[in-house]
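Asker: Next come a sequence and a model predicted from it.
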Amino acid sequence: MIGKIFVRKADEKGRVIMTEYKRKDVYIVDLGSGYFITDKKDIAEKVSENSANVFSNEFLRLVEEIGISENDINDILEKEITKKVHKIE
């Protein structure tokens, strides 16, 4: 059913049984916070193309919601990059 949430327990190897995809090629798209699973290649490709845009849009929406300015973001990124570079050296 569309919109229904399914809960399946993964086994000790991380496998999840989904009988509706039995003996089919399955396309899995990593969305960052979860996965999109389908047996339709064209749909998987479309979701994959749009997933970066969705992530960017959601990130920008959250930034706007919490009120961080572009300068604040640049300062935070600069500090984090500097920390990483100094750890490498």
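Answerer: Yep, that arrived.
Asker: Output stretch 22-34 as CSV - backbone C-alpha positions only.
Answerer: Output of stretch 22-34 as CSV, limited to C-alpha atoms (Å, rounded to 0.1, in the frame of the first residue of the first chain):
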residue,chain,number,x,y,z
LYS,A,22,11.7,-12.1,-4.9
ARG,A,23,13.9,-13.1,-7.9
LYS,A,24,14.0,-9.5,-9.3
ASP,A,25,16.9,-7.1,-9.8
VAL,A,26,16.5,-4.5,-7.1
TYR,A,27,17.8,-0.9,-7.3
ILE,A,28,18.7,0.8,-4.1
VAL,A,29,19.3,4.5,-3.9
ASP,A,30,21.1,6.0,-0.9
LEU,A,31,19.3,9.1,0.2
GLY,A,32,21.6,9.9,3.1
SER,A,33,19.1,9.4,5.8
GLY,A,34,17.6,6.2,4.3
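Asker: Which parts of that stretch count as buried, going by neighbours?
Answerer: 27, 29 (16 or more other C-beta atoms under 10 Å). (Glycine included, C-beta is placed from N, CA and C.)
Asker: cool, stretch 33-45 as well?
Answerer: In stretch 33-45, counting by 16+ other C-beta under 10 Å, buried: 38, 44.
Asker: how far is that stretch from where the chain is centred?
Answerer: Distance of stretch 33-45 from its chain centroid, counting by C-alpha atoms, centre = their mean, to the nearest Å, is 12 Å.
Asker: contact partners of that stretch?
Answerer: By C-beta atoms under 8 Å, 6 or more residues apart in numbering, the residues outside stretch 33-45 that reach it are 18, 21, 24-29, 47, 51.
Asker: which residues are contacting stretch 20-28?
Answerer: In contact with stretch 20-28 (C-beta under 8 Å, 6+ apart) are residues 18, 35-41, 43-44.
Asker: oh, I was asking about stretch 6-16
Answerer: By C-beta under 8 Å, 6+ apart, stretch 6-16 touches 17-18.
Asker: Low-confidence bits of this protein, can you list those?
Answerer: 1-2, 89 (pLDDT under 70).
Asker: Right, I'll leave it there.
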